[in-house]
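1. let's see this in three dimensions:
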Amino acid sequence: MTKKRLNAYVLLLIVSLIWGAAAAVVKNTLTWFDPLVFLTYRFAISAVIAGFVFAASPVALPRTGKSRWITFITMFLSTPLAIGLFFLALNKTSALSGSLLTAGEPLFIILGGVLLFRERITKMESIGITVTLIGTAIAALGPLVLNHTVNHVGTVEGNLLLICSVIADMFAALLTKLAIRHNVSSSLLAHGQFILSFLLFLPILFCTVPVATIVTEFARAPLQAHLGVLFMAVLSGSVAYALRNIAIQSIEISEVAVFYYLQPVWGSLLAVLWLGDRLTPAYTIGGIIITIGVVLSEYRRRKTKKLRFARQPARVQKRRR
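-> Below is the predicted model:
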């Protein structure tokens, strides 16, 4: 294993810890802030950080029209859309849902890698993806059938918004790889998206939320709430996206996907231990099925990769390490 690849793994592990905690942090902070206020506040901080980054280390804008469109769409899907849907979803459902329903995202990324980058997929991976989709559907729609003490419609609506957020983030991760292949700066992708998000959300905020309400929320919010926004803006935003984009340059997109599996582990632990979320039948059954799908897919993929590596000449194996 090369030092560059090992560094990418370490960076992605850090990202998984940060993003794993995000659902619990957001859910807790939404106690004091309206979702639009929270989002705009968060993007304002990240946009300021982006301004300092670009001032210290200017980046070149894409030269061709195709590269510019790829850059814009990637930034839009990654932040305004994916994060916006994520915040709106957690206002309607639990942090445990936010962690659980992201568990299948790595397999979706692998499937996207097949469609976009022509990466190979085995029969067992196909079965694993199908099983994971079934588990995701049960976790998302289960409250309508299996639970009897929650706001069924509101919970399911929040869960569906979470799935849409996962899909948007999946396409953003794939397009990030494509944009980098077109020589788009990873720094531009990581920080430019927050400037774009702030410019999009600021007018929406003032058109939908009274200024007096915004001022009141800022005044009444405790230090804990402002620290939650700072966590999302600095660590979960500027730092995590920058680290992920650096890692993507060194390894395959399918390897990046593996680290997404760790996020629901950290997130579920925080949701249960910190926020007191309950493991309902829908979450339990859906989580078990999702885990089975992930294990089926990843075990076979790793086994196949090891067999291919073992069949290669010794000099090729040494060069890859």
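2. CA atoms for contacts and neighbours, from now on please.
-> Fine.
3. Ala190 and Ala50, how far apart?
-> When C-alpha to C-alpha, to the nearest Å is applied, the distance between Ala190 and Ala50 equals 9 Å.
4. ok, those two, which is more surrounded?
-> Using other C-alpha atoms under 10 Å as the criterion, Ala190 and Ala50 rank with Ala190 on top: 24 against 21.
5. which SSE is that one in?
-> Per DSSP states H and E: Ala190 is located in helix 186-208.
6. from Ala47, how far off is the closest residue to Arg220 other than its chain neighbours?
-> Nearest residue to Arg220, sequence neighbours excluded (C-alpha to C-alpha, 6 or more residues apart in numbering): Trp32, at 7.8 Å. From Trp32 across to Ala47, the span is 22 Å (C-alpha to C-alpha).
7. neighbour-wise, which of these two wins?
-> Using other C-alpha under 10 Å, the more surrounded residue of Trp32 and Ala47 is Ala47, with 23 against 18.
8. that older thread, what does the helix holding Ala190 rub up against?
-> Under the criterion C-alpha atoms under 8 Å, 6 or more residues apart in numbering, residues 36-37, 39-40, 43-44, 46-47, 49-50, 53, 59, 61, 71, 74-76, 78-80, 176, 180, 238, 241-242, 245-246 lie in contact with helix 186-208.
9. what's the residue most central in space within the chain sitting at in phi/psi?
-> Closest to where the C-alpha atoms of the chain average out (C-alpha atoms, centre = their mean) is Asp169, at 5.6 Å. Reported as degrees, to the nearest 10, the phi and psi values for Asp169 are phi -70, psi -30.
10. show the subsequent helix or strand relative to the helix holding Ala190.
-> The first helix or strand that comes after helix 186-208 along the chain, using DSSP H and E, is helix 211-220.
11. contacts for that following helix, please.
-> The list of residues contacting helix 211-220 from outside it, by C-alpha under 8 Å, 6+ apart, reads 32-33, 37.
12. that helix: how far from the chain's middle?
-> Helix 211-220 sits 29 Å away from the centroid of its parent chain (C-alpha atoms, centre = their mean, to the nearest Å).
13. what packs against whatever helix or strand comes next after it?
-> Going down the chain from helix 211-220, the next helix or strand is helix 223-230, by DSSP H and E. Counting contacts by 3 or more C-alpha pairs under 8 Å, 6 or more residues apart in numbering; DSSP states H and E, the secondary-structure elements packed against helix 223-230 are helix 3-29, helix 35-56.
14. want to try CSV for these, with distance to Pro281 and mean pLDDT as columns?
-> Shown next, in CSV, are those (distance: least, C-alpha to C-alpha, whole Å; pLDDT from 0 to 100):
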stretch, distance to Pro281, mean pLDDT
helix 3-29, 20, 85
helix 35-56, 28, 93
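15. and the ones you listed: which comes nearest Ser94?
-> Using C-alpha to C-alpha as the measure, helix 3-29 is the one of the helices and strands packed on helix 223-230 that comes nearest Ser94, at 7.3 Å.
16. quick one, the closest one and helix 223-230 angle?
-> When axes from the mean of the first three to the mean of the last three C-alpha atoms, to 10 degrees is applied, the directions of helix 3-29 and helix 223-230 differ by 140 degrees.
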